[in-house]
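Student: Have a look at this fold, sequence not included:
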């Protein structure tokens with residue numbers, strides 16, 4: 001479990017960086033992921049706490065999945081964030097929402113409550129005072145209206 005949380009944190013940092021590069025190719029994203037994972041290498045498996053390859057695979061899945069579906073995910077975010085345009089959102093919140101929606105709608109092995117809770121935890125750690133409530137509200141609505149076929 002802790003390994004997946006760390007993976008989400010790393011993926012968020014990669015997506016945040018990628019957010020500033022509008023015309024990023026899949027090769028660029030793979031290189032950015034590789035570079036970021038290299039920076040975390042010393043922290044990946046302290047005392048053998050988790051499997052590095054599993055964590056790396058999870059990070060790669062999250063980053064490549066979000067980037068491959070970014071238009072669809074951004075469309076969902078725009079639909080549910082009625083008072084905030086996507087480009088006006090804080091980049092951290094926007095990318096936490098992208099991760100959360102990817103997990104909710106595209107990763108069947110992640111229970112919806114886990115996907116939402118993990119996104120809220122990221123928002124508490126990296127966002128501002130309002131981020132957690134904002135992320136929770138949007139992801140809850142997305143789950144109820146878009147991803148409701150995905151049951152626990």
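Tutor: Structure's in. What do you need? Computed from a predicted structure; not experimentally measured. Residues are numbered from 1 along each chain as shown.
Student: in what helix or strand does the most centrally placed residue in the chain lie?
Tutor: Geometric centre of the chain, nearest residue: residue 99, 2.1 Å, by C-alpha atoms, centre = their mean. Here residue 99 is covered by helix 91-106, with elements defined by DSSP states H and E.
Student: again with residue 115
Tutor: If you go by DSSP H and E, residue 115 is part of helix 112-126.
Student: so how far is that helix off the chain centroid?
Tutor: 9 Å (C-alpha atoms, centre = their mean, to the nearest Å).
Student: From the rest of the structure, what touches the helix or strand of the chain with the lowest mean pLDDT?
Tutor: In the chain, no helix or strand scores lower on mean pLDDT, DSSP states H and E than helix 26-44, which sits at a mean of 74. The contact list for helix 26-44 (C-beta atoms under 8 Å, 6 or more residues apart in numbering) reads 6, 10, 13-14, 17-18, 21, 24, 50, 52, 55-56, 59-60, 63-64, 67-68. Using the backbone N, CA and C atoms, a C-beta is placed for each residue, glycine as well.
Student: so how far is residue 67 from residue 3?
Tutor: Plainly put, residue 3 is 22 Å away from residue 67 if you go by C-beta to C-beta, to the nearest Å.
Student: before we move on, back to that, narrow the contacts of helix 26-44 to those that are buried.
Tutor: Buried members of the contacts of helix 26-44, counted by 16 or more other C-beta atoms under 10 Å: 6, 10, 13-14, 17-18, 24, 50, 55-56, 59-60, 63, 67.
Student: Now intersect these with the helices, please.
Tutor: If you go by DSSP state H, these have 6, 10, 13, 14, 17, 18, 55, 56, 59, 60, 63, 67 in helices.
Student: How is this protein divided into domains?
Tutor: Here the domain parsing of the chain from automatic domain parsing is 1-68, 69-152.
Student: Just read off the phi/psi values of residue 69.
Tutor: Phi and psi for residue 69, reported as degrees, to the nearest 10, are phi -110, psi 20.
Student: Residue 109 too?
Tutor: The phi/psi pair for residue 109 (degrees, to the nearest 10) is phi -80, psi -10.
Student: Report the separation between the residue lying closest to residue 6 once chain neighbours are set aside and residue 112.
Tutor: Spatial nearest neighbour of residue 6, chain neighbours left out: residue 55 (6.4 Å); criterion: C-beta to C-beta, 6 or more residues apart in numbering. Distance, residue 55 to residue 112, by C-beta to C-beta: 22 Å.
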